[in-house]
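1. Kindly return the folded structure for what I paste below:
(one chain, ligands or ions: 1)
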Amino acid sequence: MLTPTEKIWHNGRFIAWDDARIHVLSHVVSYGTSVFEGIRCYDTASGPAVFRLQDHMRRMIDSAKVYRTEIPFPAEALSEAALELVRVNKMRSCYIRPIALRGYAEMGVYSLRNPIEVFMACWEWGKYLGEEALAAGVDVCVSSWTRIAPNTLPAMAKAGANYMNSQLMKMEAVTNGYAEAIALDAAGYVSEGSGENIYAVRDGKIFTPPLGASVLPGITRDTVIRLAQDLGIPLVEALIPREMLYIADEVFFSGTAAEITPIRSIDRIVIGKGRRGPVAERLQREFFAIIEGKKEDRYGWLTRAYASQPVAGS
Ligand code: PPE
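-> Modelled structure (predicted):
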């Protein structure tokens, strides 16, 4: 159950958590008309800091553009609002959810005359795929559902409606006793998880599906690509046949919520040694060293939320 924080940002001002309501006939409710982001704020050695804030806000603006929508706040203003949100709620580490939706005015599929409402909330969110997931790995399946096909729902846009496809995958997986599902794209190649990008490692080389395989351009995916390069681990974007997952030495997920999560079995076939592999572990170590502030933030990925460290409980 979600633990409420004090305030939610709405169209430029802060309102009480319980007041962040919309009418049931808001366009988004019937038609899924929303674009959103998921961002993490980490409690680093030098105080709470938000990871790749501007990149997330840029993606939200891009997602809206695909739907012919201009969010009435520039990325800088949204970023500033996110930092203020962390401050007013006195958070140290949290998950930040900005969402732009089409609100209440008219009914019918055409949405462009309905008002754009922008909300931003934050809450504490622990480990997405379970406490043990990061160290032990998770058991997953290949979904019987295909990922949203090219030119149907645009996968590069992080739109609410895309998550109906993700939900079909996730419900089936959980019902069958798996932590998560992997979707294949419309051509049958590996696409992504319900809320994560995916990687397969074979003989020390990382493979990840290209954007053309109906994947979200993950901010963590971009992070993994850069960290792999820095660590001298070869990484290629390539079409991945399903069976390549089964014979990989390692398979792992990345995402804001999932961070870097190893996969230890797929469809009950043990992957590699059935536990976190060395490549995933090296990437995790580098990733966590940066976000915990133990290693230099060499790409300027962290934005401090407080000018000076907040006193705990103040
Ligand atoms: N693919 C999908 C479909 C996806 O939803 C996410 C994020 C990713 C890839 C990874 O993207 P990024 O977070 O930028 O590295 N999924 C978010 C939603 C989780 C949720 O359940 O809600 C997330 O990880 O925050």
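2. Could you measure from whichever residue of the chain sits closest to the ligand over to R13?
-> Residue of the chain nearest the ligand, by Cβ to the nearest ligand atom: G38 (2.6 Å). Every C-beta, even on glycine, is put in place using the N, C-alpha and C of the backbone. Note on G38: its distance to R13, by Cβ to Cβ, to the nearest Å, is 23 Å.
3. Next: G204.
-> On the measure of Cβ to Cβ, G204 and R13 end up 52 Å apart.
4. ok, the two, which is more surrounded?
-> Legend: neighbour count by other Cβ atoms under 10 Å for G204 and R13, higher for G204 (12 against 8).
5. Contact partners for the more buried one?
-> Residues in contact with G204, defined by Cβ atoms under 8 Å, 6 or more residues apart in numbering, are I233, P234, V279.
6. Please repeat the previous calculation with a cut-off of 7 Å.
-> By Cβ atoms under 7 Å, 6 or more residues apart in numbering, the residues touching G204 are I233.
7. Same check on F119?
-> Counting by Cβ under 7 Å, 6+ apart, F119 makes contact with I8, W9, H10, A20, I99.
8. Helix or strand for the first one, just tell me which one.
-> If I follow you right, that is I8. I8 is part of strand 7-10, with elements assigned from DSSP states H and E.
9. May I have the secondary structure class of the nearest residue to R92 once chain neighbours are set aside?
-> Among residues not flanking R92 along the chain, D43 sits closest, at 4.3 Å (Cβ to Cβ, 6 or more residues apart in numbering). Taken by DSSP: H, G, I helix; E, B strand; the rest coil, the conformation at D43 corresponds to strand.
10. State the pLDDT value of D43.
-> Among the per-residue scores, D43 shows a pLDDT of 95.
11. if we can go back for a sec, next SSE after the strand holding I8?
-> Once strand 7-10 ends, the next helix or strand along the chain (criterion: DSSP H and E) is strand 13-16.
12. Touching, I182 and I198? I think so.
-> Yes - contact between I182 and I198 holds when scored by Cβ atoms under 7 Å: they sit 6.1 Å apart.
13. Find the residues that touch each one of the two.
-> The overlap between the contact sets of I182 and I198 (Cβ under 7 Å, 6+ apart) consists of V190.
14. for the ligand, what are the nearby residues on the stretch 1-150 of the chain?
-> Along the stretch 1-150 of the chain, the residues adjacent to the ligand under the rule Cβ under 6 Å from any ligand atom are G38.
15. how about the strands in the stretch 1-150 of the chain?
-> When assigned using DSSP state E, counting those that start in this stretch, the strands of the stretch 1-150 of the chain occupy the ranges 7-10, 13-16, 34-36, 39-44, 47-51, 94-102, 116-123, 138-146.
16. Just put those strands in JSON lines and tack on distance to P217.
-> What follows is the strands of the stretch 1-150 of the chain, written out as JSON lines (distance: least, Cβ to Cβ, whole Å):
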{"stretch": "strand 7-10", "distance to P217": "25"}
{"stretch": "strand 13-16", "distance to P217": "30"}
{"stretch": "strand 34-36", "distance to P217": "14"}
{"stretch": "strand 39-44", "distance to P217": "15"}
{"stretch": "strand 47-51", "distance to P217": "16"}
{"stretch": "strand 94-102", "distance to P217": "17"}
{"stretch": "strand 116-123", "distance to P217": "21"}
{"stretch": "strand 138-146", "distance to P217": "20"}
